[in-house]
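Engineer: I'd like to go over a predicted model; first the sequence, then the structure.
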Amino acid sequence: MYTLIFATNNAHKVQEIQSLVGPDFKIIPLKEAGIDIDIPEPHDSFQDNASEKARTIFKMTKQNCFSEDTGLEIEALNGAPGVKSARYAGEHRDFQANIDKVLLELKHIENRNAQFRTVICLIWENKEYFFEGICTGHIATEMHGAKGFGYDPIFIPTGSDKCFAEMTMVEKNSFSHRQKAVTKLFDFLRHK
Ligand code: IMP
């Protein structure tokens, strides 16, 4: 069995990824690895932020690890909130305030096309590898559902008429950006 540290404190992400991974891999979130830090995301690309998180944990543990950075990119807002998705309405990282800001900005805008982008950075035997997953869709006019996290109550993936927050985790995973990037990661590891 392979053991991999996942450089995150987000329990939702851990659950989503754990549910996709077979018994060959054991994912260890930071808390379980005994690491209690909030890793900064100072860069203006998902790739650089993911790399920063994975490198920080690799330096501390010298163990194989991966991180991911995700954001919502809205066409009519020129790709915003993008890398600023967590802090779109301010440093307090409030999911509701972020959603309110997006809905207000799109209030009179017809083009509601958007996508989630996930970039995973794996550090495996001291080498860095990247995997990307994109989920296209659009922004709803109001919030729906109470599951998931972040922008899930206002994002409707292409091929569905429901917001992510109305879906079970299995259903969300069947569309999701994170699932696509994670599938590439574990296909890569299975062929190592
Ligand atoms: P992070 O910096 O990768 O942790 O994610 C940035 C922000 O994007 C999070 O705080 C959430 O608001 C949002 N986000 C990331 N993944 C998802 C998702 O799967 N659904 C909804 N929002 C997400």
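Structural biologist: Alright, I've got the coordinates. Predicted model, so just to flag it, every value in this text is computed and none were measured.
Engineer: For the rest of this, base every contact and every neighbour count on C-alpha atoms.
Structural biologist: Noted.
Engineer: Which positions in whichever strand or helix holds Leu189 come out as buried?
Structural biologist: Per DSSP states H and E, Leu189 falls inside helix 177-190. Going by neighbour count (16 or more other CA atoms under 10 Å), the buried part of helix 177-190 is His177, Arg178, Gln179, Lys180, Ala181, Val182, Thr183, Leu185, Phe186.
Engineer: Briefly note if the helix or strand encompassing Ser67 comes near the ligand.
Structural biologist: For Ser67, the enclosing helix or strand under DSSP H and E is strand 65-74. Yes: applying CA under 6 Å from any ligand atom, one finds strand 65-74 touching the ligand at Glu68, Asp69, Thr70, Gly71.
Engineer: And that strand, what does it pack against?
Structural biologist: strand 2-6, helix 46-61, strand 113-124 (3 or more CA pairs under 8 Å, 6 or more residues apart in numbering; DSSP states H and E).
Engineer: got these as a markdown table, with mean neighbour count columns?
Structural biologist: Below are those laid out as a markdown table (neighbours: other CA atoms under 10 Å):
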| stretch | mean neighbour count |
| --- | --- |
| strand 2-6 | 18 |
| helix 46-61 | 20 |
| strand 113-124 | 24 |
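Engineer: Kindly reformat those as a markdown table and extend each row with mean pLDDT and distance to Met169.
Structural biologist: A markdown table is the format used below for the helices and strands packed on strand 65-74 (pLDDT from 0 to 100; distance: least, CA to CA, whole Å):
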| stretch | mean pLDDT | distance to Met169 |
| --- | --- | --- |
| strand 2-6 | 91 | 19 |
| helix 46-61 | 96 | 23 |
| strand 113-124 | 98 | 16 |
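Engineer: who wins for proximity to Met167 among the ones you listed?
Structural biologist: Among the helices and strands packed on strand 65-74, the nearest to Met167 by CA to CA is strand 113-124 (16.2 Å).
Engineer: Direction included, what does the closest one pair against?
Structural biologist: Applying DSSP bridges, strand 113-124 is found paired with strand 65-74 (antiparallel), strand 127-139 (antiparallel).
Engineer: just those: most buried one?
Structural biologist: strand 65-74 (a mean of 24; mean count of other CA atoms under 10 Å).
Engineer: what comes into contact with that strand?
Structural biologist: Here strand 65-74 makes contact (CA atoms under 8 Å, 6 or more residues apart in numbering) with 4-8, 46-47, 49-51, 53-54, 57-58, 79-86, 112-124, 151.
Engineer: how about 7 Å then?
Structural biologist: Contacts with strand 65-74, where a contact means CA atoms under 7 Å, 6 or more residues apart in numbering, come from 4-8, 46, 49-50, 53-54, 58, 79-83, 85, 113-124.
Engineer: For the spatially most central residue of the chain, give its distance to Pro23.
Structural biologist: With distances taken as CA atoms, centre = their mean, Thr70 lies nearest the centre of the chain, 3.7 Å away. For Thr70, the distance to Pro23 equals 25 Å [CA to CA, to the nearest Å].
Engineer: Now do the helix holding Leu189: distance to the chain's middle.
Structural biologist: Taking CA atoms, centre = their mean, to the nearest Å, the mean C-alpha location of helix 177-190 is offset from the chain mean by 13 Å.
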